[in-house]
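**Q** I need the structure of the sequence given here:
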Amino acid sequence: MDWSDSWRGAFRIELRAEAIGLAWRGWPVLPGTYPTAAGWAGRDGIQTDGPVPVHQDWAERVGTQPDQVATWWSGRPYSLLVATGIVLDAIEVDAELGRRAAIELRAAGVVVPIAATPSGSWLFLTGTGAQLRRELAVQGGIVLHGKDSYIPLPPSPFQHGVAHWRVKPQVCGWNLPSSEIVQDALSLALRSDAVDNAARLVTAER
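**A** Numbering: from 1, shown residues only. Okay, the predicted model is just below:
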């Protein structure tokens, strides 16, 4: 993506507005590094494998008031990060599993905020406090972001695109489901995938 000055300027305004809005709702917003032609920048001028928090003491800045949050985006198009384990947790999966889990959630009539990144990750936002079930943890590629972690949220810029909402928090009235509900959907999605793979194998052997 062409991150020219005009693009960065436009995104800075949008990112700032979104960050202020989330901060007013009590979400622990943090500025993150942003993409440039040379890589990621924003953390003391050092290129990083971002997006990562701009401030190394980011954990101590959690809970910053909206007026201070506004100043963070006054000059640079920082990525929009939210600390997890406080107001929300997030379960990160690849896009394929994310789609399958979203289908299971729709079938159950459950609305869950879902963000997607250009790097192929889907983030299911949930309430806090749960642990990742062993059957999910052993899969690899499924990550629970809880205490001492953070996630990028839309419209954070990446090298090859922008994070976007698959399901916005407004759709569920900003009420986050329990982590168990999302983990149930992920477990069902994994089982259905295993059944589909077995069926394809049987068909191929005929």
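**Q** All the helices of the chain, residue numbers only.
**A** 5-24, 66-72, 95-107, 134-137, 179-205 (DSSP state H).
**Q** Export those helices as JSON lines, with columns for mean pLDDT and distance to residue 115.
**A** (Each C-beta comes from the backbone N, C-alpha and C, glycine too.) Formatted as JSON lines, the helices of the chain follow (pLDDT from 0 to 100; distance: least, Cβ to Cβ, whole Å):
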{"stretch": "helix 5-24", "mean pLDDT": "84", "distance to residue 115": "12"}
{"stretch": "helix 66-72", "mean pLDDT": "93", "distance to residue 115": "19"}
{"stretch": "helix 95-107", "mean pLDDT": "96", "distance to residue 115": "10"}
{"stretch": "helix 134-137", "mean pLDDT": "94", "distance to residue 115": "19"}
{"stretch": "helix 179-205", "mean pLDDT": "70", "distance to residue 115": "13"}
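**Q** Switch those over to JSON lines; also include distance to residue 35 and mean neighbour count.
**A** Formatted as JSON lines, these follow (distance: least, Cβ to Cβ, whole Å; neighbours: other Cβ atoms under 10 Å):
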{"stretch": "helix 5-24", "distance to residue 35": "9", "mean neighbour count": "16"}
{"stretch": "helix 66-72", "distance to residue 35": "17", "mean neighbour count": "15"}
{"stretch": "helix 95-107", "distance to residue 35": "20", "mean neighbour count": "17"}
{"stretch": "helix 134-137", "distance to residue 35": "31", "mean neighbour count": "14"}
{"stretch": "helix 179-205", "distance to residue 35": "29", "mean neighbour count": "15"}
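**Q** To residue 89, which of the ones you listed lies closest?
**A** Closest approach to residue 89 among those (Cβ to Cβ): helix 179-205, 5.9 Å.
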